[in-house]
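>>> here's a sequence, model it:
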Amino acid sequence: MADSAFWVVFFSAALALNLSPGPDIFYVLTRTLSGGRRIGVIASLGVCSGALVHVLAAALGISAILATSALAFTVVKYVGAAYLLYLGIQALRSAGGHSALDVEPAREPASAWQAYRQGVLVDLLNPKAAIFFMAFLPQFVRPDHGAVPLQLVMLGALVVLVAIIVECVLVLLAARTRQALKGNPRIALWLDRTLGSLLIAMGIRLGLSERL
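Residues are numbered from 1 along each chain as shown. The predicted structure follows:
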C-alpha cells in the first residue's frame with residue numbers, strides 16, 4: 001500500500017472511531033455545558049492524557065493483560081462504571097441547585113483541575129479503551145518502518161491528536177449551545193438532569209460490557 005493510501009485509510013479510521021459516542025465524548029460535552037469552553041478543552045486534554053497512557057500500555061504489551069485476564073478486565077470495568085455512575089449522580093444532585101449555565105469565575109481554577117483529573121480517570125478506567133488501542137494500532141504497523149513499539153506509540157499519538165481535534169470542535173459547538181441557553185433556569189435544570197442521566201447510562205453500559 002502506497003504511503004498516501006496508507007495514511008488516508010489510517011486517518012479515516014481514526015476519525016470514524018473518534019466520532020463514535022462513548023464515555024469520553026459525553027464527559028467532555030458535560031464539562032463544556034456546565035463550565036464553558038475553557039473547562040471543556042481542559043476536560044478533553046485530560047481524556048486524551050488518559051488515552052496516551054493506554055497507547056504506551058499497548059506499545060509495552062501491558063494492555064494484553066486486560067485482554068487475557070478476566071479478573072483484571074472485570075476489576076477495571078467495575079471501577080470505571082462506578083466512577084461514571086458517581087459523576088452522573090453528582091450531576092443529578094446539582095441539577096437546578098446552581099445553574100449549570102451560570103458563570104463562577106472564583107471557582108474556575110479548581111474546576112479546571114477537577115475537569116482534567118476526572119477526564120484522565122474516565123479514560124484510564126475504561127478497559128475497552130485499552131483493548132481498543134491494542135487491537136487497532138497493530139493493524140497499521142509496517143515491519144519495514146522500524147521498531148514496532150515506536151510505531152505503536154507514533155500511531156497512537158496520531159489517533160489521540162485526531163481525538164483532540166474532534167473533541168475541540170465538539171467543545172466549540174457545545175459552548176455555543178451553552179451561551180444560547182444561558183440564563184434560562186428551566187433549561188439548565190433539564191440539561192443537568194439529561195447529562196447526569198447520560199453519564200449514568202454510560203456507567204451501566206460499561207458495567208454490562210464484555211471483553212472484545
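
>>> test my guess that V28 contacts E167.
Yes: checked against Cβ atoms under 8 Å, the pair V28 and E167 is within contact range at 5.2 Å. Any C-beta I mention is one placed from the backbone N, CA and C, and that applies to glycine too.

>>> any residues in contact with both of those two?
Both V28 and E167 are contacted by 44, 47, under the criterion Cβ atoms under 8 Å, 6 or more residues apart in numbering.

>>> more neighbours, the two?
V28 (30 against 26; other Cβ atoms under 10 Å).

>>> what's the helix or strand for the more buried one?
Here V28, judged by DSSP states H and E, is contained in helix 23-35.

>>> now for that helix, which elements pack on it?
Contact analysis of helix 23-35 by 3 or more Cβ pairs under 8 Å, 6 or more residues apart in numbering; DSSP states H and E lists helix 37-60, helix 70-94, helix 108-124, helix 148-181, helix 185-208 as its packing neighbours.

>>> so for the first one, what gets flagged as buried?
To tie it back to what came earlier, the one meant is helix 37-60. By neighbour count on 16 or more other Cβ atoms under 10 Å, the buried set for helix 37-60 is 37-59.

>>> how big is the angle separating the helix holding V28 from helix 148-181?
Relative orientation of helix 23-35 versus helix 148-181 (axes from the mean of the first three to the mean of the last three Cα atoms, to 10 degrees): 30 degrees.

>>> can you name the farthest residue from the center of this structure?
Using Cα atoms, centre = their mean, the residue of the chain lying farthest from its centre is D144. It sits 32.6 Å away.
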